[in-house]
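[1] From the sequence below, what's the structure:
(2 chains)
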Amino acid sequence: MKLFTQEKAEVLRTLKTSEQGLTTSQVSRRQKEFGPNVLEEEEEKNYFLSYLKQYIQFFALLLETAAILSFVADYYAPNQGNNILGYAILGAVIINATFSFWQEYRADKAMAALLKLMPTMVTVRRNNAITTIDSKELTTGDILMLVEGDKVAADAVVLASTSLYLNLSPLNGESRPAARNNQPSQQTNSLQAKNMVFAGATVTAGNGVAVVSAIGNATEFGKIASLAKNVEKSLSPMQREIIRITRLLTIIALVMGVIFFVLGLFSAKGPLMASIFALSLIVANVPEGLLPTITLSLSLASQRMAKRNALIKNLDSVETLGSASVICTDKTGTITRNQMTTRSIWLAGGDIVNVSGEGYLEPGEFTFEQESATGEERLVELLQAGLNNCNAAIDENETRGDPTELAIVAAARKKGLKKNVEHKIQEHVFTSERKMMSSVFQSDGQRSIYCKGAVEVLLEKCLYYMDKDNTNKQLDASIINKVTLQAESFEKEAYRVLAIGKGDDEREEELTLLGLVAIMDLPRAEVAEAVAICRQAGIRTMMITGDNAYTAAAIAQKIGMQYDRIIQGDELENMSDERLENILSQEDILFARMASKQKLRIATALQSVGEVVAMTGDGVNDAPALKKADIGIAMGEGGTEVAKEAADMILLDDNFSTIVAAIEEGRTVYFNIKKFVTYILSSNVPEIVPYILQFFFKIPLPLSVIQILSIDLGSDMLPGLALGSEKPEKNIMKRPPAGSQEKILDWEVFKRGYFFIGIIEATAAMVAFLSFLVLNGWQYGTVDLADPYLHRQAMTMTLLGAVSCQLVNVWTMRSWEFSAFSVGLLSNPFLLFAMVIELAWVWMLLYVEPVQKVFNTATVPLSHLWILLPFPIFLFFFHELYKWRLRSRKETHGT
Amino acid sequence: MNVIAAINGQITAEVSAFYALHFARVHGFPLRLLHILNPADNIEAVEKSMATIERVAEKYGMATKRVVLGGPPIRTIEQYLLEHSSEILFCSTRYHQRKNLFNLSFSQKLSSMTLPADLAVVRVVHPRTTLSTKNILLFIRGNRLSVEKFTFFASMAKAYKASCEIYSVSVVGKRQRARLDRGQVKLMLKNNDDRLSHYKQLAKHMDIPLRLKHSIAVNEMDQVLYHLSHTNFDLVIVGGERLSMYSSMSKAKPIERLHRSTSVNTISFYLRGGAR
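    Residues are numbered from 1 along each chain as shown, chains lettered A, B, ... in the order given. Here you go, the predicted model:
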């Protein structure tokens, strides 16, 4: 037997306590036995250790080994710049570690927000005396004293109560106060037991005495906190991709390094030169600038998203949005306006009046479906009765009160009516049990009552109805049938229906029915288009609502959201995980009558079938689902602090369309990262090829390792970042979700980066190097040049060959498939800025002596620079041709 | 063979004794209510507790015996278990702070000793009557489930006629988790399911409704606590590992965290034998 099913005496006996409370010695022993009344907090993260861990990653270890080798080389062969190289590589390691740490760092404050819902002090009865204690000291068996405004600190069984009402929204999302009493419950679920109060709830009215049955993590609130805290979030698609890319590229670098080290050992170069050579190849292959560029690019994208009302809390979420394949969205406030609107009124005589104007503030007109002589008069009477019986109010700048009442007030406002508050003398409040509300008015000694409520409830209280001739007539069975049919007809169209009546005294009896009001929370105008975009983009949209299936289906129809079946809360409760996964893998579902906790199950099931889930939520009990989803989206306007802290993204305008806009931005970032990965891979080839050629042929060294770093961490960085902030491609929302079919580093990227653009750039670099040497009298076979300045000039030419091609490459890479001319020359001002900085950098390499000294460059006469000219033009032309072929092939294959 | 329940007058010890009572009832063993005199315990409360348990035992027609001993608790209990061919000892455990290396509780000391009987350490967070136990969970790592552990679990299931679940968690590294695709995950889970399926058959023969559930996690305790939070189990059984009492100095035991943070009553089952 559950505790809440037992009589008071039995409860006290089971908990070994009494109404006088625990004794001091009992409290002391129990506190030791049960521990403090606290939720398990997050273990404090050691950020220093997390930062240090970045230095022992595969990628970092490789570069660190390279740095050590540089210092070793400098020890055996000093004054060759190897120490500078060592420091430069260490610099790259520090930059990469810092950026990786920055990206991983994310303060999780969901628990802190949850803890704020718990009180710090509570009033208890101990040793038969009432005392106030720290809530942490509360223990099982304590007698808790509850008064209006108190926050409840533990789960407890009510022993006595006077009009006790609780706000249980942190537990069940229900904002309407729930009545509590001390009668043993027959429920099986403690959350539905009316004699239970729960930690995290607030007393909204009345007072009570309760005995604590569970504390800390064992409370229902503790379970929500535990769900939010212990949820295991998998790595984002981007994190997985970065791991894959760095691993793959590092392995390539390592394999190349080892092969050439072994070849070096067997050649006449000797072990020292062989290791320097291997080291050069590793440095050339490792994309040192990749992680900083990705992090900065995500950061820029999150700023752009903020401008579109999507606040990103976790940088990785930017890209995860691009991979989202399912959006599970709430209805109220996200798809709809969260402003109930009166759309139709049925007057008791049989007239139907349509009302225009959406929301609370928009003006509107009343249109009778059929002409009626007394219709206008009866309409005004109904609206005035409704208005007088509402506590909600609409002012110029503010709306306050219950949404259903606001819909009635807004309709009366459209008619220019005003509330008669001065004559109101009494109110019978709405409760979920009564399902109606009424207000008593007194004017000139005469009392009258106005009522509104559920149709079936009010019909029981009505004896008359107001007919077409403006007189009260007997409400007989045929009229009741007519009213019921009309109400059902409204409900089938997903309207919420209220009956409005009035009486001639203060009793809620013998009332006259004035009519029915049909109210609906209308969808936002822009949502239908957003849903259509999702469909085109291969994103499944699923609505999860607490409303009934009729309402859910009607709203889905209005916004064009397609679904294969409707699953209701009870059905889901009885469904096995396997069955749910099976359905979700094949069908689009509309979830109706859902409790917040079921969202977690839906998110988990969708993830199990391989979907990347974006899930919206606003309540405290949505926090676990928001944390579980790949992208948790909290409502900025209507969301609780806990939901916001648990989410990855906050919608500042609570609008579904903003999610779609954010997904577009996420996809853009994904493809932009793909572009700059290709861009930086292209420059790896002119960095590697010179070493391979120097190994096999008798030529001087064309490029030093420090010059490689000047490309990777210097000239490539800003243009790469600029590519990261490119605008969306034309077809970005017509592609499947990012990452589902094409990865960032796929064969196309390798092919285009290494074997197409890379080869052109390597040719440019080598032709520049060799042409310069030949023009200056070099003959094949001379490896050690007599004039070191000439060698530096020639190496500078190699560097310029690669950099000049990259300058053009960044322009043509701005669009993955479309012509560079189609994206607009000035559409990315950051790129123009990057170009200016890159040109300045080239100028410094050519003419500023301290820079020349570090990077081993030299001034090259302008008369020799023409050698560089044909290759960038060649690269631009052929890359455009390549993209044109790609487009034509896609058109042919119809993809 | 006897089933021993350690009683100290506290509500948690009483709940633990009720679990012992139902275990003894299923096996037809006599129940010994053992108290070792301690100045901190209220003897009146101890006697009251014993009387409550005896009343319930009487309803089931079970034989009980009160045993009150004096002396150092650990040594006395060890001696008693040796001398009275005991099957299992049930004792409750209190809440433990995260880092408390020098103030080990009675149950912590027992679980790190070589005992001649099995040990069931009960962490009580819901001190309601144990009669409402409808769903029992057995948590295991991967597919490591000994016959003894299953027998204990099945006894409790039988005693309460409860629905049961074996929840196996396979622990993998964060990066390994990221690399696993759906197919690999399914294969891993299927392997665990296959290896444990004979227990399902066994449960069927014993008329115990049992289901197997598997998951892959980076942190097993996070996963178990998460699972407990969104299901409605009344009791969790977990296999304890007899480690030396100094082992917690190097690394916190996962079971300690489970006891500290569990949202349902939890029994850690330690098989008789030596500590390592």
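
[2] Can you give the distance from stretch A:877-886 to the centre of its chain?
    Relative to its chain's centre, stretch A:877-886 lies at 37 Å (CA atoms, centre = their mean, to the nearest Å).

[3] Specify the local secondary structure of A:Leu383.
    What DSSP: H, G, I helix; E, B strand; the rest coil gives for A:Leu383 is helix.

[4] and it, how many neighbours does it have?
    Counted with other CB atoms under 10 Å in any protein chain shown, the neighbours of A:Leu383 add up to 28. Any C-beta I mention is one placed from the backbone N, CA and C, and that applies to glycine too.

[5] got it, and A:Trp843?
    11.

[6] what's the residue of chain A found nearest chain B in contact with, if anything?
    Going by CB to the nearest CB, chain B is nearest to A:Gly35 of chain A, at 2.7 Å. A:Gly35 makes contact with A:Ile215, A:Gly216, B:Arg94, B:Tyr95, B:His96, B:Arg260 under the criterion CB atoms under 8 Å, 6 or more residues apart in numbering or on different chains.

[7] which element follows the strand or helix carrying the last one toward the C-terminus?
    Think B:Arg260. Element membership for B:Arg260 (DSSP states H and E) is helix B:254-261. Next in sequence after helix B:254-261, counting helices and strands by DSSP H and E, comes strand B:265-270.

[8] Put the alpha carbons of that following strand into CSV.
    C-alpha atoms of strand B:265-270 as CSV (Å, rounded to 0.1, in the frame of the first residue of the first chain):
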residue,chain,number,x,y,z
ASN,B,265,15.1,1.9,-1.9
THR,B,266,18.2,0.1,-2.9
ILE,B,267,19.7,-3.2,-1.8
SER,B,268,23.4,-3.9,-2.5
PHE,B,269,24.0,-7.6,-2.5
TYR,B,270,27.4,-8.9,-1.4
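
[9] Can you tell me which helices and strands that strand packs against?
    Applying 3 or more CB pairs under 8 Å, 6 or more residues apart in numbering or on different chains; DSSP states H and E, we find strand B:265-270 packed against strand B:118-123, helix B:147-160, strand B:235-239, helix B:254-261.

[10] May I have the strands that pair with it, each with its orientation?
    Next to strand B:265-270 in the sheet, as set by DSSP bridges, lie strand B:118-123 (antiparallel), strand B:235-239 (parallel).

[11] contacts for it?
    By CB under 8 Å, 6+ apart, strand B:265-270 touches B:15, B:19, B:93, B:111, B:115, B:118-126, B:130, B:149, B:152-153, B:156, B:234-242, B:255, B:258-259.

[12] Tell me how the chain divides into domains.
    All of this is about chain A. Structural domains annotated on chain A: A:3-41+A:112-230, A:310-335+A:524-654, A:342-517, A:668-895, as defined by automatic domain parsing.

[13] The chain in question should be chain B.
    Split by automatic domain parsing, chain B gives B:1-124+B:267-276, B:134-233.

[14] returning to that earlier point: so which of the domains of chain A gets nearest B:Asn191?
    domain A:310-335+A:524-654 (17.3 Å; CB to CB).

[15] ends of that closest one, how far apart?
    Start-to-end span of domain A:310-335+A:524-654 (CA to CA, to the nearest Å) is 9 Å.

[16] need the contact list for residue 117.
    Picked chain A for this. A:Lys151, A:Pro170, A:Gly200, A:Phe221, A:Val620, A:Val642 are the contacts of A:Leu117 under CB under 8 Å, 6+ apart.

[17] To clarify, I was referring to chain B.
    Residues counted as contacts of B:Ala117 (CB under 8 Å, 6+ apart) are B:Ile4, B:Leu81, B:Ser86, B:Glu87, B:Ile88, B:Leu89, B:Arg272.

[18] Please determine how far the nearest residue to it once chain neighbours are set aside is located from B:Gly71.
    Excluding the flanking residues, the one nearest B:Ala117 by CB to CB, 6 or more residues apart in numbering or on different chains is B:Ser86, at 4.2 Å. Look at B:Ser86 and B:Gly71: by CB to CB, to the nearest Å, they are 17 Å apart.

[19] These two: which has the busier surroundings?
    Between B:Ser86 and B:Gly71, counting by other CB under 10 Å, B:Ser86 is the more crowded of the two (22 against 12).

[20] partner residues bridging the more buried one?
    Counting by DSSP bridges, B:Ser86 is bridged to B:Asn2.
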